[in-house]
Structure formats: structure tokens, C-alpha cells
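Participant: Below are the sequence and a predicted model; questions follow.
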Amino acid sequence: MTSDQVTAERLVAAPADRIFAILADAGRHQLIDGSGTVQGTTAESEPLSMGSTFGMSMKMGLPYTTRNEVVEFEPNRRIAWRTTGLFGIIGGRTWRYELVDQGTSTIVRETWDISGDRQRIFLRRGNLPRTTKRNMERTLERLAEVVEQA
């Protein structure tokens with residue numbers, strides 16, 4: 001990986017507002033997670049907004065938790081949160097979703113941005129970028145399944 005970002009993109013047969021509603025509901029992230037690592041959330045039932053924080057229960061081999069803060073927010077167009085863990089000592093990666101409304105369908109772009117991550121050098125090595133892209137493609141597939149059936 002030569003970049004600090006990995007991106008996956010998919011055309012979803014649903015309007016942007018319906019897709020954004022899922023992305024802005026942290027309690028539904030487990031439903032669309034293509035990696036299988038999201039186990040649950042500590043988010044309130046209200047939709048996320050700029051500055052919202054929420055916790056995620058995760059499991060990748062061993063269970064762990066993350067703290068997430070919404071750092072970009074443009075309704076029906078963009079939402080991103082920065083993830084940290086282990087009392088803020090590790091992490092700093094950003095998960096971003098951008099939506100381009102095409103009328104009855106929407107281009108959804110998911111980006112894993114490690115430019116601000118404390119472990120950036122290690123994350124760029126090995127299979128993690130390739131695995132992350134594959135998991136993001138699965139997430140977009142699951143997101144499409146959820147919103148296209150609604």
C-alpha cells in the first residue's frame with residue numbers, strides 16, 4: 001500500500017437519504033459490517049451528528065472496544081468517524097462514507113483513512129490493506145441488501 005487510504009465503491013439502488021439513515025445509526029452498523037468484527041454499540045438510539053461519540057464492541061480474535069467520534073458530517077452526502085482504542089493510546093483511523101445521489105440510485109464510497117493513525121506505518125504493511133478493501137466491499141454489499149429491500 002503506497003497510500004494512507006483504501007477505498008471501495010458501489011452503486012446502490014436506493015436514494016441517498018435511505019442509505020445515510022443506516023450509516024448515521026451506529027446501532028445498525030453490526031447489520032452491515034462486512035468484516036464480522038463489529039459485535040455491538042453503545043450508541044444512543046438517536047442518529048449520529050457532527051461531534052457525536054459512540055463505542056463499539058469489536059472482536060478480531062480477542063474482544064476489544066473502540067471509541068468513535070463523528071468528525072465529518074453532511075446529511076445525505078458524507079459521514080466519517082475517527083476510531084481510537086486502548087484509552088486513546090492506539091488508533092486514529094477514519095472511516096468515511098461519501099454518497100453521490102444519482103436519483104433512484106446512489107454511488108456509495110467507503111474509505112479507510114489511516115493518515116492520522118498512530119500505527120500508520122504498521123497498518124500499511126502486509127495483507128491488512130487488501131483484507132480491509134475486501135471487507136469494505138462486503139460492507140457495501142450488505143448495505144445494498146438492507147436498503148434495496150426496504
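Facilitator: Yep, that arrived.

Participant: Please work out the average pLDDT along stretch 104-116.
Facilitator: The pLDDT scores in stretch 104-116 average 94.

Participant: What residues of that stretch count as buried?
Facilitator: Under the neighbour-count criterion of 16 or more other C-beta atoms under 10 Å, stretch 104-116 has S105, T106, V108, R109, E110, T111, W112, D113, I114 buried. For glycine as for every other residue, the C-beta is placed from the backbone atoms N, C-alpha and C.

Participant: Now name the helix or strand holding N135.
Facilitator: Here N135, judged by DSSP states H and E, is contained in helix 128-148.

Participant: Roughly how far does the closest residue to G103 other than its chain neighbours sit from Q149?
Facilitator: Leaving aside its sequence neighbours, G103 sits nearest to P15 (C-beta to C-beta, 6 or more residues apart in numbering; 7.8 Å). Separation of P15 from Q149 (C-beta to C-beta, to the nearest Å) stands at 14 Å.

Participant: And for N76?
Facilitator: Taken as C-beta to C-beta, the span from N76 to Q149 is 20 Å.

Participant: hmm, back to that, out of the buried residues of stretch 104-116, flag the one nearest to T7.
Facilitator: Lowest distance from T7 to these (C-beta to C-beta) belongs to T111, with 4.7 Å.

Participant: Tell me who's in contact with that closest one.
Facilitator: By C-beta atoms under 8 Å, 6 or more residues apart in numbering, T111 lies in contact with Q5, V6, T7, A80, T94, W95, R96, Y97, E98.

Participant: got the contact list for the third one?
Facilitator: Residues in contact with T7, defined by C-beta under 8 Å, 6+ apart, are R109, E110, T111, W112, K133, M136.

Participant: Correct me if wrong: the last one contacts R109.
Facilitator: The one in question is M136. No: using C-beta atoms under 8 Å, M136 makes no contact with R109, being 9.6 Å away.

Participant: residues shared between the contacts of the two?
Facilitator: Counting by C-beta under 8 Å, 6+ apart, the contacts common to M136 and R109 are T7, A8.

Participant: Since that was my last question, I'll sign off now.
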